[in-house]
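Let's see this in three dimensions:
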Amino acid sequence: MIAKDYLEEQTLLDHPVNVNAAVEPTDIIWENRELTTHDKCHKWAHAIVIVLVMVALGFIVVLVLTKWKTEMHEKYPTVNCKNIDDLPVPN
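From the prediction side, this is the model:
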């Protein structure tokens, strides 16, 4: 803290010296330190594409199953079983 107070009043090459507290080493994600902004944007774009593909596939699955359900419902309509019991039994 003393060094910070001392440096706030100093200049270096006619520019004021700004001193900030250092980040704790445990707060740094060391694996991502070597990534450039371009790399981060590239990974972000890949993630968005993957999510959009997964959402589209889910939509297609729901659409196909709904169509199949409608076709099956038309082919095999709902039947009231009480009416079937009332039919005469052939001899």
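
So what's the predicted local confidence for Ile60?
At Ile60, the model reports a pLDDT of 98.

To clarify, my last question referred to Asn80.
69.

Of all residues in the chain, which one is nearest the centre?
Nearest residue to the geometric centre of the chain (Cα atoms, centre = their mean): Val51, 6.0 Å.

Distance of that one relative to Ala22?
36 Å (Cβ to Cβ, to the nearest Å). C-beta: built from backbone N, CA, C; applies to glycine.

And for Val89?
Taking Cβ to Cβ as the measure, Val89 falls 91 Å from Ala22.

Ok, Trp68 next?
Distance, Trp68 to Ala22, by Cβ to Cβ: 61 Å.

contacting residues for Thr11?
Val17 (Cβ atoms under 8 Å, 6 or more residues apart in numbering).

does it have beta-bridge partners, and which?
Pro16 (DSSP bridges).
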